[in-house]
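[1] take this sequence and fold it.
(one chain, ligands or ions: 1)
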Amino acid sequence: MTRDERRAALEQIANEVRACSACRLAEGRTRAVPGEGDPDTEVVFVGEGPGFNEDREGRPFVGRAGGLLVRLLASVGWRREDVFITNVVKCRPPDNRDPEPDEIAACAPFLRRQLQVLDPAVVVTLGRHSMATFMPGARIGQVHGTTRPADPATGAADALVFAMYHPAAALRTPALEHESLEDIARVPGVLQRSRDRRAGAAPGAEPAGPPEPGVHDPVPAPAAQPAEASAPATPAEPPATADGASQLTLF
Ligand code: URA
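    Model (predicted):
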């Protein structure tokens, strides 16, 4: 697909999302939030569902959690417009409650189709509900900061999935914000590994299929100077990546 074809396909899905009435969330929404970003990106971030601000603007992650997501991206030298950002459910659950299983199921075809169009190398899940879609049975406290191959049934045909805490949880708990900075520092390295897998350059580097539930594949910490190996990543200084570059260019 060309960039223009991808953009058109994503816009078609977005229009269907805006017209959707497949579940009860449609009744309470101000605006549906299909997602947005670069149609040519290699990295897709998947959150839970729109909140108050997203519902008003029709755009994902524009509130406080979005502010933290932008800071996390900046810590690895990326901008929100470099990636694609979407959610498991595209309409705001009332009072920001968790999405119900039937609402997630009703919305799943949209996410699957977005991933089929984008064909990302990396899917980053934000929070429990997004993680559960890509790592069924996993526990966020155990798998955040780790990766596993995406099940192609998700729509991501050849991707690595990387789990992170939800930025809203990280805003509530400073320790989780710190862990989120450490986690996102690994994402450029995961992208490089996924590129290598997709190019067939690293045979055997990943298990052939999805691992057993509960089994995960920790990503080694980015290659840093020995003295800095345990230093947390900071927004001011992106961490070194496995290939030694100070940051990994997305495209
Ligand atoms: N939280 C989410 O999960 N998604 C958004 O778009 C905003 C907040």
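[2] so stretch 113-121, near the ligand or not?
    No: using C-beta under 6 Å from any ligand atom, stretch 113-121 stays clear of the ligand, with a minimum separation of 13.9 Å. Where you see a C-beta, it was placed from the backbone N, CA and C, and this is true even at glycine.
[3] can you give me the mean pLDDT across that stretch?
    Averaged across stretch 113-121, the pLDDT comes to 98.
[4] list the buried residues for it?
    R113, Q114, L115, Q116, V117, L118, D119, P120, A121 (16 or more other C-beta atoms under 10 Å).
[5] can you check stretch 6-26 too?
    R6, A9, L10, I13, A14, E16, V17, C20, A22, C23, L25, A26.
[6] and for T147, the neighbour number?
    Per other C-beta atoms under 10 Å, the neighbour tally for T147 reads 26.
[7] for it, phi and psi?
    When read as degrees, to the nearest 10, the backbone of T147 gives phi -130, psi 160.
[8] that one contacts M164, doesn't it?
    No: using C-beta atoms under 8 Å, T147 is not in contact with M164, being 10.8 Å away.
[9] quick one, strands of this protein?
    For the chain, the strands defined by DSSP state E occupy 36-37, 43-47, 84-87, 122-126, 146-149, 160-164, 217-218.
[10] thinking again about what came up before, among the buried residues of stretch 6-26, which are in helices?
    Among the buried residues of stretch 6-26, the residues falling in helices (DSSP state H) are R6, A9, L10, I13, A14, E16, V17, L25, A26.
[11] got the residues you listed as JSON lines, with distance to the ligand and pLDDT columns?
    Shown next, in JSON lines, are those (distance: C-beta to the nearest ligand atom, whole Å; pLDDT from 0 to 100):
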{"residue": "R6", "distance to the ligand": "21", "pLDDT": "98"}
{"residue": "A9", "distance to the ligand": "21", "pLDDT": "98"}
{"residue": "L10", "distance to the ligand": "16", "pLDDT": "98"}
{"residue": "I13", "distance to the ligand": "16", "pLDDT": "98"}
{"residue": "A14", "distance to the ligand": "14", "pLDDT": "98"}
{"residue": "E16", "distance to the ligand": "18", "pLDDT": "98"}
{"residue": "V17", "distance to the ligand": "13", "pLDDT": "98"}
{"residue": "L25", "distance to the ligand": "13", "pLDDT": "98"}
{"residue": "A26", "distance to the ligand": "17", "pLDDT": "97"}
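[12] who touches the closest residue to F61 other than its chain neighbours in this structure?
    Closest residue to F61 apart from its sequence neighbours, by C-beta to C-beta, 6 or more residues apart in numbering: L69 at 5.1 Å. Taking C-beta atoms under 8 Å, 6 or more residues apart in numbering, we find L69 in contact with F45, F61, R80, I85, L126, P167.
[13] cool, R59 as well?
    V33, E36.
[14] ok, so of the buried residues of stretch 113-121, who is nearest R92?
    Ranked by distance to R92 (C-beta to C-beta), the buried residues of stretch 113-121 are led by Q114 at 18.4 Å.
[15] surely the closest one and R6 touch.
    No: Q114 lies out of contact with R6 (C-beta under 8 Å); the separation is 10.2 Å.
[16] just how off-centre is stretch 119-134 within its chain?
    5 Å (C-alpha atoms, centre = their mean, to the nearest Å).
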